[in-house]
Every structure is written in C-alpha cells, then in structure tokens.
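Asks: No sequence on hand, only this structure:
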Ligand SMILES: NC(=O)c1ccc[n+]([C@@H]2O[C@H](COP(=O)([O-])OP(=O)(O)OC[C@H]3O[C@@H](n4cnc5c(N)ncnc54)[C@H](OP(=O)(O)O)[C@@H]3O)[C@@H](O)[C@H]2O)c1
Ligand SMILES: [Zn+2]
Ligand SMILES: [Zn+2]
C-alpha cells in the first residue's frame, strides 16, 4: 500500500501547489478519510490569501469534503471503516467554552476549522475529528454531495431557522455557489422565491433552479421591486460585496430579516430608518453542525435538490480556484480524485 498521498497546499499567500506527503495515522478521536471529492468555496480565499485569523502556512484548504473512512483510532465507536462521510467547515467543537456548554456548538470559540486550523480536503487523504463528520446517503454521488456540506448547509440552515412560514416572500441575493442552492432550498421549503443577481446572464438559470422571479440589481431598484410585492419576510445575502447588502433592508416587510451569510471584505452600510420604522433586523448565520449537514443531505435527497457543478482533477485545484474567484464557476467547482 502507498505510504504517501497527494495534497494541494497553500505554501505562501496566493500559491497553491501539489505536494506529496506521508500518510498520517489518525490520533485519538479521529478518522482518516480517503477523499473522493471536495468543493471549492469562496471562503477558501481566506486560506489561499492567508488572511484567515490565526492561520499558519502551509495549509491544505477545503471544507466541502466527501470520502470513505479508511482508518480510525481505537476510541472511535460511532463510525466504521468503509463508510462514506463528509466534512464541513466547523468540524469539531471544544465542548467546554460557553456557547458549547449552552449547546450552541457551531459558535464554539475554539473550533476545529477544516482548511484553516487543520488541513482540509484539497487532498487524497484527510484526518477528521470523528465528532465532526456527517454520514452521506447512497442517493448522492460524492461530487454532488460535497457542495451541500458548506454552500448547502449554510443556506438551508439559515432559511429553516429564520422563523418563516410557507408562502412567505423570500429573496436570495447573489447567485453563486451558495446562492444557487439557496434559491433551490427557498423554493422547496415553500417560499415565494426571488433571485437577485447582477445582469441578465443568470436569469434563466435562476428560474430553472426554482426562482419565481429574477431581479437584475444593475438595472432595477431591488428594494422597490420587493416592496411592490409586499416586502420580503427574509433576504438571504450570499454575495461577496458589503456595499450591495445594506440597501436590501429597504426591501424587507415589517419585521423582515436580512440574513447575512456572505462575508465581504468591505463594510455593510446601514440606514437606521428602515430598521427602526418597521422593526426590521439584520443578523449573521454560520454554516451548521455535522447533524445539520446530515439534515441538509437528507432534505436534498427528499426534494431532489442538487448543486450545479463543474468537476476537475485534484491536481488542477489552482485553476478551479481561479475560475471560482473570477465568478466563472457554474456554480461550484468540485475537485475529484481518482478514487
Ligand atoms: N456563513 C457561512 O457559513 C458561509 C459559508 C460559505 C461561504 N460563505 C461566504 O459566502 C460568500 C459567497 O460564497 P460562494 O462560495 O457562494 O461564492 P461564489 O460562488 O464565488 O459566488 C460569489 C457571489 O458573490 C456575488 N458577488 C460578487 N461580487 C458582487 C458584487 N460586487 N455585488 C453583489 N454581489 C456580488 C455573486 O453574485 P452574482 O450572482 O450577482 O454574480 C455571487 O453570488 C463568500 O463571502 C463566502 O466566504 C459563508
Ligand atoms: Zn466550544
Ligand atoms: Zn464554505
């Protein structure tokens, strides 16, 4: 059996390179996964550019990881060799900080973060915490399942936890990796679904994904369109631009919520008037737990939701990453290994 594996690491800011590493043994409470697929998420940019707080290089990015367990440490009882599992961004909580002690493990103050605090899935092999993995149903291929464990869980969890009701007007801003899944989840959760993008290029795709209406933010006043429809109960902001987010508050109905899942580098500018007069709110939402990941996969199977993906071999990770950054991916690049 081979003693080494291929990985793609960030050796210095901006540099993704293929390296050969020695296959590690899983430590206490860990499993070793033979990776089959890993999605390329925009959050990987924080690893590739080196800006993620506390990051040290070299680091292997990747937190939309699907593969099979090929080794586990003696203390692991929940999992078996050969099972197909997935790993998302927040892949292990410390269990002792205040949010953890209150059961809010996704907001752990000292989490294991795939591709940031530990090496992620741009590789043939990954070590994961046994408590941080999700079981993958047989109905999904590994390449299809991968984006569901970050882009999918993030949008599904944000929508299902927003206190919405069937028939509510819900808008999804930004039709990228997250947004194209957000549109599908919003539609299949029973909402009147509006997709907000820039230009007309994604209009047909957004409608094919289930949007009842597409709004071009370049040509139209998004808030005015939403207000003419009665105001959105929620807007899921998935874009990478803060300046595009603040004005969305004016498109909300009274008590409506702007749910921020995109993490732009620039500031979000807010006007207090529509927040106060109408009791509107804005808050963030961070991915989900491993069991939320299993819920996301199960709901996707139930409702026949799949990401639109472009697969490329692991060795072409740098090209796939560049395509994502340039906004050319339709809608998720997925790295696949020869497994
Ligand atoms: N909260 C979480 O747990 C979580 C999880 C995963 C990712 N994220 C964050 O979510 C964001 C999106 O990730 P992704 O993987 O979906 O990225 P992506 O596939 O690269 O898509 C980028 C998105 O940003 C939008 N965008 C880019 N420039 C814009 C501008 N100037 N104005 C308005 N919109 C603009 C694009 O909208 P158009 O459709 O208009 O082109 C597109 O929807 C990133 O910031 C990422 O870090 C957060
Ligand atoms: Zn904690
Ligand atoms: Zn992600």
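Replies: Thanks, I have it. What you see is a predicted model; the values in this text were computed from it and never measured. Numbering: from 1, shown residues only. Ligands and ions are numbered 1, 2, ... in the order given.
Asks: Could I get the full set of helices for the stretch 1-150 of the chain?
Replies: Secondary structure of the stretch 1-150 of the chain (DSSP state H, counting those that start in this stretch): helices at 44-48, 98-101, 142-147.
Asks: actually the stretch 201-339 of the chain, not the one I wrote
Replies: With DSSP H, counting those that start in this stretch as the criterion, the stretch 201-339 of the chain has helices at 203-208, 222-228, 272-276, 290-302, 317-325.
Asks: can you list contacts of the shortest one?
Replies: Contacts of helix 272-276 from elsewhere in the structure, counted by CB atoms under 8 Å, 6 or more residues apart in numbering, are 249-250, 252, 280-282. No exception for glycine: its C-beta is placed from N, CA and C like everyone else's.
Asks: and the two most separated of the residues you listed?
Replies: The span of these, defined through CB to CB, is set by 250 and 281 at 13.5 Å.
Asks: Looking at the two, which one has more neighbours?
Replies: Neighbour totals were compared for residue 250 and residue 281, and residue 250 leads with 20 against 14 (other CB atoms under 10 Å).
Asks: Skipping adjacent residues, who's closest to that one in space?
Replies: Excluding the flanking residues, the one nearest residue 250 by CB to CB, 6 or more residues apart in numbering is residue 223, at 3.8 Å.
Asks: Would you agree the one you found is in contact with residue 253?
Replies: No - counting by CB atoms under 8 Å, residue 223 does not reach residue 253; the two are 11.4 Å apart.
Asks: Quick one, grab the pLDDT at the closest residue in space to residue 161 that isn't next to it in sequence.
Replies: Spatial nearest neighbour of residue 161, excluding adjacent residues (CB to CB, 6+ apart): residue 285 at 7.3 Å. For residue 285, the model assigns a pLDDT of 98.
Asks: try residue 75
Replies: What the model reports as pLDDT for residue 75 is 89.
Asks: To what extent is it buried, counted in neighbours?
Replies: Residues lying near residue 75 (other CB under 10 Å) number 11.
Asks: so who does it touch?
Replies: Counting by CB under 8 Å, 6+ apart, residue 75 touches 28-29.
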